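*Asks:* Please work out how this folds:
(one chain, ligands or ions: 1)
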Amino acid sequence: MHNSPNEIIYFLLVDDLEENLLSLEALLRRDGLVLLKARSGPEALELLLKHEVALALLDVQMPGMDGFELAELMRGTERTRHIPIIFLTAGAADYQRRFRGYETGAVDFIQKPIEADILRSKSQVFFDLYYQQLLLIRQRDELRRNAEALLEADRRKDEFLATLAHELRNPLAPIRNGLQVLRMSPDSNTAEQVRTMMERQITHLVRLIDDLLDVARVSQGKIDLHQERISVQSVLTAAVEVSHPLIEQRKHTLTMNIPENDLWLEGDSTRLAQIIGNLLNNAAKYTPEGGAITLSATTEGEDVLLSVTDNGLGISTDMLPKIFEMFTQVDNDLSRTQGGLGIGLALVKRLVEMHHGNITAHSDGLGHGSRFTVRLPLAASATASPAATNPTNADAATAPLRVLIVDDNIPSAKTTGWMLELIGHQFILAHDGHAALETANTFLPDVVLLDIGLPGMNGYDVCKTLRKDARFRDTLIIAQTGWGQERDRQLATDAGFNHHLLKPIDFEKLSEQLALVKPAVRNAA
Ligand code: ADP
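*Replies:* Below you'll find the predicted structure:
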C-alpha cells in the first residue's frame with residue numbers, strides 16, 4: 001500500500017536502559033521505518049538535529065534530563081516543536097506532572113509494562129499521518145513544478161504567436177507592393193523581377209504554414225510515414241534541390257561528400273528530404289553571405305551519418321542543449337532578419353526520431369560555425385533495389401487534357417486554369433457542387449480538380465456521384481483542400497479520389513500527376 005514516496009520514516013526511541021530500547025525496537029520494526037535509539041536526553045537532541053522524526057517515544061524517568069525536560073526542550077525549538085510524543089510512564093504519578101507545551105503537538109501516554117498491541121497501533125497512526133504528510137509535500141512540489149513549466153510554456157507560446165504574426169505579415173507587404181507595381185506598369189522591365197519576388201515571398205509563406213501544420217500534426221502523433229526503400233543519394237539530391245535557391249541567393253559554396261555506391265534507407269522520402277533540406281536552409285540562413293556549407297554522408301556500423309556543416313554564426317554553449325526545443329530562437333540579428341518560427345529544428349528532431357534515428361548539434365561557439373549530424377539506420381539488407389524512377393519533369397511533353405476545375409474561390413480557380421492553359425491543357429470552371437456535375441456531364445473531363453468545401457454539395461459527394469457514372473470511373477479526380485490531416489486524406493480516398501493536394505496547389509506536383517494521364521480518345525458523340 002505504501003509504495004509511492006519511498007522516503008524513509010524515522011522514529012526516535014529514548015530510554016536509559018538498553019534492554020528497553022531493544023524490546024521497543026523489536027516491537028516496532030517494519031519496512032520503511034528507521035528507529036533511532038538514544039540512551040539520554042542529550043543523545044536524543046543530537047539525533048534530532050540530524051533527522052526529521054515522525055514520532056518520539058520518550059521514557060519519562062531517566063537520570064539527568066528526564067522525558068518531560070527533553071519534551072520541553074523539543075517544544076522550545078522550531079524544528080522539533082511539532083513532533084508527536086508518546087511518553088512511556090512507569091506509574092500513575094507521572095500523569096500528575098504537568099507538561100508545558102502540551103498544546104503544541106500530539107502527546108500521549110503509554111503505561112509500562114508496555115502492551116505490544118497498544119504501542120503498535122498508536123505508533124501506526126503516527127506512521128500513517130507522517131506518510132500522508134510526505135505524500136502531500138511531494139504532490140505540492142510536483143504541482144509547483146508543473147505550474148512553473150506551464151508558465152514557461154505559456155510564455156513561449158505568447159512569444160511564438162507574436163513571432164508568427166510578424167512572420168506571416170512580413171511577406172505580405174512586398175506582395176501587396178508588387179501588385180501595385182504590376183498594376184501601374186504591367187509590362188515594364190521591373191515586372192518580371194516583381195513577379196519573381198512575389199513568388200519567393202509566397203513560397204516562404206507556404207513554407208511557414210506547412211511547418212505549422214506539420215508541427216501540429218507531429219505533436220498529435222498524426223503524421224504517417226510513407227515507408228519505402230530509398231537511396232541516401234536521392235534524399236540528399238532532393239534536399240539540395242529545395243535549398244539551392246537560398247544557398248545561391250546568399251552566395252555560399254556547397255560541397256558534397258557523398259559515397260559513390262548507393263546506400264539504402266527505409267523511410268519516407270519526402271520527410272527525409274525535408275529533414276536535410278531544413279538543415280541546409282538553416283546553414284544558409286545562419287551563415288553570413290559567401291560562406292561554405294558541406295553536406296556529407298558516411299557510414300558507421302549499421303548507420304549512416306548525414307551531416308551539414310557551415311562556417312557561420314555558430315551556436316553558444318548555453319544555447320546548444322535548447323536548440324531542438326519548440327519555439328527556440330537564438331536572439332541575434334540574423335535570426336530576426338532571416339525570419340523563422342523556431343519550430344524547424346523541433347520538427348526535424350521529431351521526424352528523425354520517427355525514422356529511428358537521432359540528431360545532434362555541434363558548435364565550437366559563436367562565430368565558429370555549426371554542424372548538425374543526423375544518424376539513421378541503414379536498410380536491413382544491402383540487396384540491390386530497383387532503381388527509383390522519379391517522374392519529375394513538369395515540362396515533359398504532355399498531351400492536352402480536359403480539366404474541370406471546381407472551386408468556389410473564383411480567383412483561385414481561374415489562376416489554376418490559366419496555369420494549366422500555359423502548359424497546353426484545356427479547362428472549364430465550376431463554382432459549386434451541382435454545377436460541377438452538370439459541367440462534367442457535357443465537358444467530359446479527363447481530370448477533375450475538386451475542392452472539398454463547396455456550396456450546395458461538398459466535394460466528397462460530388463466525387464462519389466461522379467464515380468457512379470461509368471464515364472467517370474477512371475477519370476483522374478484530385479482533391480484540393482486546405483486541410484491536410486490524415487483523416488481528411490482518408491475521407492478523400494473513401495470518396496473515390498485518386499489524389500489529395502494541399503492548397504495552394506504545388507503546380508509541379510499537379511503537372512507530374514497530369515503527365516501520367518492519357519487523354520481519352522473520344523468519339524465525336
Ligand atoms: P528558425 O530557423 O525558424 O528560427 P529553427 O528551429 O530552425 O528555427 O532553429 C532554431 C534556432 O537555432 C535558430 O533561430 C538559430 O538561431 C539557431 N540555428 C539553427 N541552425 C543554425 C546554424 N546552422 N547555425 C547557427 N545557428 C543555427
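*Asks:* Name the residues of the helix or strand hosting residue 193 that are buried.
*Replies:* Using DSSP states H and E, residue 193 falls within helix 189-219. Neighbour-count burial for helix 189-219 flags 194, 197-198, 200-201, 204-205, 207-208, 211-215, 217-218 (criterion: 16 or more other CB atoms under 10 Å). Where you see a C-beta, it was placed from the backbone N, CA and C, and this is true even at glycine.
*Asks:* contacting residues for the nearest residue to residue 230 once chain neighbours are set aside?
*Replies:* Leaving out its chain neighbours, the residue that sits closest to residue 230 by CB to CB, 6 or more residues apart in numbering is residue 269, at 4.6 Å. By CB atoms under 8 Å, 6 or more residues apart in numbering, the residues touching residue 269 are 226, 228, 230, 234-235, 238.
*Asks:* What about those, which are in strands?
*Replies:* Using DSSP state E, the members of the contacts of residue 269 that fall within strands are 228, 230.
*Asks:* which one among the contacts of residue 269 gets closest to residue 447?
*Replies:* Nearest to residue 447 among the contacts of residue 269 is residue 226, at 22.9 Å by CB to CB.
*Asks:* what's around that closest one, how many residues?
*Replies:* 9 (other CB atoms under 10 Å).
*Asks:* what's near enough to touch it?
*Replies:* Residues near residue 226 by CB under 8 Å, 6+ apart: 268-270.
*Asks:* if we go to 6 Å?
*Replies:* By CB atoms under 6 Å, 6 or more residues apart in numbering, the residues touching residue 226 are residue 268.
*Asks:* Quick check: the gap between it and the ligand.
*Replies:* Distance, residue 226 to the ligand, by CB to the nearest ligand atom, to the nearest Å: 24 Å.
*Asks:* On the pLDDT front, check that residue for me.
*Replies:* If you check residue 226, the pLDDT there is 84.
*Asks:* how close does the residue nearest to residue 230 sit to residue 114?
*Replies:* Computed as CB to CB, to the nearest Å, the residue 269 to residue 114 distance reads 78 Å.
*Asks:* The helix holding residue 193 near the ligand at all?
*Replies:* No - if you take CB under 6 Å from any ligand atom as the test, helix 189-219 misses the ligand, and the best it gets is 8.0 Å.
*Asks:* That helix - contacts with which helices or strands?
*Replies:* Here helix 189-219 touches helix 172-184, helix 344-354, going by 3 or more CB pairs under 6 Å, 6 or more residues apart in numbering; DSSP states H and E.
*Asks:* that older thread, list only those of the contacts of residue 269 flagged as buried.
*Replies:* Among the contacts of residue 269, those that count as buried by neighbour count (16+ other CB under 10 Å) are 230, 234-235, 238.
*Asks:* closest to residue 494 among those?
*Replies:* Nearest to residue 494 among the buried ones among the contacts of residue 269: residue 230, at 28.1 Å, using CB to CB.
*Asks:* Give me the most central residue, this structure.
*Replies:* In the chain, the residue lying closest to the centroid (CA atoms, centre = their mean) is residue 219, at 4.7 Å.
*Asks:* hmm, stretch 265-282 in reach of the ligand?
*Replies:* Yes - using CB under 6 Å from any ligand atom, stretch 265-282 reaches the ligand at residue 282.
*Asks:* Would you mind listing the buried residues in that stretch?
*Replies:* By neighbour count on 16+ other CB under 10 Å, the buried set for stretch 265-282 is 265-269, 271-282.
*Asks:* my read: residue 55 touches residue 128, true?
*Replies:* No - contact criterion CB atoms under 6 Å: residue 55 and residue 128 do not qualify, at 10.9 Å.
*Asks:* who's more crowded, these two?
*Replies:* Neighbours of residue 55 and residue 128, each counted by other CB under 10 Å, are more numerous for residue 55; the result is 24 against 14.
*Asks:* What's the local residue count around the residue nearest to the more buried one when sequence neighbours are not counted?
*Replies:* Nearest non-adjacent residue to residue 55, counting by CB to CB, 6+ apart: residue 126, 4.1 Å away. Residue 126: 21 surrounding residues under other CB under 10 Å.
*Asks:* could you dump stretch 355-365 to CSV, C-alpha only?
*Replies:* The C-alpha coordinates for stretch 355-365 follow below in CSV (Å, rounded to 0.1, in the frame of the first residue of the first chain):
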residue,chain,number,x,y,z
HIS,A,355,12.8,7.2,-38.5
HIS,A,356,14.5,5.6,-35.5
GLY,A,357,17.4,7.9,-35.7
ASN,A,358,18.8,10.8,-33.7
ILE,A,359,20.2,14.3,-34.4
THR,A,360,23.0,16.1,-32.6
ALA,A,361,24.3,19.7,-32.9
HIS,A,362,27.9,20.7,-32.5
SER,A,363,29.5,24.1,-32.5
ASP,A,364,32.8,25.4,-31.1
GLY,A,365,30.9,28.6,-30.1
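*Asks:* any residue of that stretch up close to the ligand?
*Replies:* No - Stretch 355-365 is not in contact with the ligand by CB under 6 Å from any ligand atom; minimum separation 7.0 Å.
*Asks:* can you count the residues close to residue 112?
*Replies:* By other CB under 10 Å, the residues close to residue 112 number 14.
*Asks:* I figured it was touching residue 90, is that so?
*Replies:* Yes - under the criterion of CB under 6 Å, residue 112 makes contact with residue 90 at 5.1 Å.
*Asks:* From residue 227, how far out is the residue nearest to residue 230?
*Replies:* From residue 269 over to residue 227 the distance is 10 Å, taken as CB to CB.
*Asks:* any weak-confidence spans in the stretch 1-150 of the chain?
*Replies:* Along the stretch 1-150 of the chain, segments meeting pLDDT under 70 span 1-6, 91-105.
*Asks:* What segments of it are helices?
*Replies:* Secondary structure of the stretch 1-150 of the chain by DSSP state H, counting those that start in this stretch: the helices cover 18-28, 41-50, 67-76, 93-96, 116-169.
*Asks:* what is the orientation angle of the first one with helix 116-169?
*Replies:* Put plainly, it is helix 18-28. Angle of helix 18-28 versus helix 116-169, following axes from the mean of the first three to the mean of the last three CA atoms, to 10 degrees, is 60 degrees.
*Asks:* Alpha carbons of helix 18-28, in CSV - could you do that?
*Replies:* Written as CSV, here are the backbone C-alpha positions of helix 18-28 (Å, rounded to 0.1, in the frame of the first residue of the first chain):
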residue,chain,number,x,y,z
GLU,A,18,19.5,-0.7,26.6
GLU,A,19,17.2,-3.7,27.0
ASN,A,20,14.1,-1.4,26.9
LEU,A,21,15.3,0.1,23.7
LEU,A,22,15.9,-3.3,22.2
SER,A,23,12.4,-4.6,23.1
LEU,A,24,10.8,-1.4,21.7
GLU,A,25,12.8,-1.9,18.6
ALA,A,26,11.6,-5.5,18.3
LEU,A,27,8.0,-4.4,18.7
LEU,A,28,8.1,-1.6,16.2
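*Asks:* which other helices and strands contact it?
*Replies:* helix 116-169.
*Asks:* The helix it packs on vs the ligand: in contact?
*Replies:* No - remark: helix 116-169 sits outside contact range of the ligand, by CB under 6 Å from any ligand atom, the gap being at least 8.4 Å.
*Asks:* angle of that helix against helix 189-219?
*Replies:* Going by the same axes, to 10 degrees, helix 116-169 makes 170 degrees with helix 189-219.
*Asks:* Mind giving me the packing neighbours of helix 116-169?
*Replies:* Packed against helix 116-169 by the contact rule (3+ CB pairs under 6 Å, 6+ apart) you find helix 18-28.
*Asks:* So what touches the helix it packs on?
*Replies:* Against helix 18-28 from outside (CB under 6 Å, 6+ apart): 13, 15, 35, 37, 116, 119, 123.
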